[in-house]
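Q: Sequence first, predicted coordinates after that:
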Amino acid sequence: MSHSLLVELQAEELPPKVLSSLANAFAQGIHKSLEQQGLLNSGSALSIFATPRRLGAHISHVSAKAQDKHIQLKLMPVSVGLDAQGNPTAALLKKLQSLGVGVEQAAHLEQKMDGKSLALFLQQTQAGLTVQQGLQIALEHSISQMPIPKLMTYQLDKDCALPGWDSVSFVRPVHHLLALLDDQILSVNVLGLSAGRKTLGHRFESSAVSIEIDHADRYEDILLHQGAVIASFDKRKTLIQQQLQRAAKEAGEGLRPIEDEALLMEVTGLVERPNVLLCQFEKTFLEVPAECLILTMKANQKYFPLLNAKGELTHQFLVVSNIAPSDPSAVITGNERVVRPRLADAQFFYNHDRQRTLADRVEGLGKVVYHHQLGTQLQRMQRVRNLTQQIATVLGSTAEQADAVTAAQLAKTDLLTDMVGEFPELQGTMGAYYALNDGHSVQVAQAIEDHYKPRFAGDDLPRNDVGCLLALADKLETLSGMFAIGNLPTGDKDPYALRRQALGVIRILMRRPFDTLNIHHLLNSSLGILSKELNQDMAQAATDLYQFILDRLAVTLKDQQYSAAEIDAVLALRPICLGDVPARMVAVQEFANLPQAAALAAANKRLANILKKAAPEEAGLFAAEKMSEVAEKNLYQAMLQCVSQADNFYAEKNYTTSLKTLALLREPVDAFFNDVMVNDPNDSIRRNRLGLLKQLHDSMNRVADLSRLAH
């Protein structure tokens, strides 16, 4: 017979940003544990509940008791448990006694091979756990495994504390534990609480202070109608989305709420029964950059700003209230009154910041410590500016060089403004506004805003070449500085986001015109600037940083569904121009699908092994007139034709066709290895053949190390 199980922890207000993940971990942990204990029947379904004051789970098709298990317990080797006459030894009798088994069972033990020796086994029947026993285990395990960001230790109420309990730790104080199997209370306890059937409804709109759940299957319905609570997190989230869309449509044609999944999740974790209301503020505040107003409304008040059809901010916004009075005017005016000082602060910061130019703030960067070993933000700015100028010179972008240097000098100055001091998320964005206010070009302003990009995987690159140039220099300076002082990522810790910075460098170097830049020259330039300041050799830092960037590139290529062998083949050449890598990867992938690929890769690996064993001077010279075997002459003739064509395609960066052309060498290469002895006793013949193979090896591995494709 199947039953329904309900479990709920009723707590003080839980952290809204992690409410969903806490609820999922709690409910799924219980479900998985019960399943492992054999207490769930086929078709069992899990429903997860999460509100600001509760975590819950409803599980269907639960067994009242798990089936008994027949287990086989290994005791000890036969040579230890039985004497020469086959009688039980003292060691065996002691073992049986410790297991609560009568000594008469010694005669019924089974002897089986265990590895290379014969062992004694005891056959036992293990009684299945009751659902009450299983839930106790599941609760304790699930709570111990929850991803709680910060534990709170609190004293238990004297009237609910179990004997011996004084204080417990959880994400927030828990006041009630509910556990029902159908309509029966399960006697379990956790966090110092004994289970009952009572819970709490909505803090303000519940029909009773305490609500009694008479059956596990009626939990959600009782909470909704008696407690005014929508217990399901997903249902509340969907309802909020629907109400936001409806309220926006009613507010005006073309209006829409700002899309922000994180804000939506947080607001869902703040309310038990959502009620969306339309509010507004004075239009004069719209003179402040929209990003400032949007951020203060979202971050401080959890409001949803409304945008018009053009995507511009309007003076209206939506509030997700936790109460639904018949007259919502007091709630509306209260929220409008609360947001006004926030917007006034943003307006003040913006107007006050514009009284000084960004250029006037440059010297102030000298008072801001960047890193105790790498100096101030002013010193860092000077390094970025110098590196920006060097890269611009290599690219030959003289027209944009002045803009890039100006942007590099001003990029960090908005860190000293009041607005960024209040909202660090706006760094770069406010710099762009203030640059335009100071009369700088749109290119400079966009570069200042975009030089932090890409901030994350999938983020856009800077909008123009000046922005990409500054972003590249900024990221290279960060990477170089941290590698120079040995401040490297470890495990999952990366406080300076060096992995993300490296991925940003890679993406920019694959964008024209940056795809022609030499990565070694860039690293040497960046580390060279630091070398003069720190007065230390940077050779090892350059080697380590280059490898770090290659490792990040390998991760990126793996995410693009290239195989490990294909990635290894390209990166084994230690590319100096990362902009070439995508074309090489496509070429290798297409080559790997050719019917000749496996044989050529195997031959290439054989070539590499032969040349590796030979002294470098032995494979230095080749003379066609010294060839004597037909197979080596045929290989040479095929090389004259194929390699020349492949080299031409390679020079044009048509790597795919270059490799496909080399595929024609399969038959002459196979014939050579079948018919020709490379290590001929005659030194002159051996060296000549090694020279021929050296030419073949170099030609075949210009695009990638094809031997890495061999299985």
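A: All right, it came through fine.

Q: Return the set of buried residues in the lengthiest helix in the chain.
A: Assignment by DSSP state H gives helix 329-353 as the longest helix of the chain. Residues of helix 329-353 classed as buried: 331-332, 335, 339, 342-343, 345-347, 349-350, 353 (neighbour count, 16 or more other CB atoms under 10 Å). C-betas here are computed from N, CA, C, even on glycine.

Q: helices or strands next to that helix in the packing?
A: Counting contacts by 3 or more CB pairs under 8 Å, 6 or more residues apart in numbering; DSSP states H and E, helix 329-353 packs against strand 275-280, helix 290-296, strand 313-321, helix 418-422, helix 429-437.

Q: Name the residues that touch that helix?
A: Outside of helix 329-353, the residues within contact range by CB atoms under 8 Å, 6 or more residues apart in numbering are 277-282, 285, 287-289, 292-293, 296-297, 300-301, 303, 317, 319, 321, 323, 325, 417-419, 422, 430, 433-434.

Q: which is the next helix or strand following it?
A: strand 369-371 (DSSP states H and E).

Q: Strand partners (parallel or antiparallel) of that next one?
A: Here strand 369-371 is paired, per DSSP bridges, with strand 375-376 (antiparallel).

Q: Spatially nearest residue to residue 462, not counting backbone neighbours?
A: residue 450 (3.5 Å; CB to CB, 6 or more residues apart in numbering).

Q: How many residues are close by the one you found?
A: 24 (other CB atoms under 10 Å).

Q: Was I right to think it contacts residue 472?
A: No - Residue 450 lies out of contact with residue 472 (CB atoms under 8 Å); the separation is 11.5 Å.

Q: could I get whichever strand or helix holds residue 58 in PDB with only the CA atoms?
A: Element membership for residue 58, per DSSP H and E: strand 54-63. Taking C-alpha atoms only, strand 54-63 is exported to PDB below (Å, rounded to 0.1, in the frame of the first residue of the first chain):
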ATOM      1  CA  ARG A  54       9.200  27.400   5.400                       C
ATOM      2  CA  LEU A  55      10.900  24.500   3.600                       C
ATOM      3  CA  GLY A  56       8.800  21.600   2.700                       C
ATOM      4  CA  ALA A  57       8.500  18.400   0.700                       C
ATOM      5  CA  HIS A  58       5.500  16.200  -0.300                       C
ATOM      6  CA  ILE A  59       6.400  12.700  -1.500                       C
ATOM      7  CA  SER A  60       3.900  10.300  -3.000                       C
ATOM      8  CA  HIS A  61       3.900   6.500  -3.200                       C
ATOM      9  CA  VAL A  62       5.800   5.900   0.000                       C
ATOM     10  CA  SER A  63       5.900   2.500   1.700                       C
END
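
Q: Tell me the buried residues in that strand?
A: In strand 54-63, counting by 16+ other CB under 10 Å, buried: 54-60, 62-63.

Q: Report the contact partners of residue 307.
A: By CB under 8 Å, 6+ apart, residue 307 lies in contact with 255-258, 313-314.

Q: Mind putting those residues into TSV with distance to residue 38 and neighbour count?
A: Listed next are the contacts of residue 307 as TSV, based on distance: CB to CB, whole Å; neighbours: other CB atoms under 10 Å:
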residue	distance to residue 38	neighbour count
255	55	18
256	51	16
257	48	24
258	49	19
313	57	21
314	58	18
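
Q: from these, which is closest to residue 441?
A: Closest approach between those and residue 441, by CB to CB: residue 313, at 25.1 Å.
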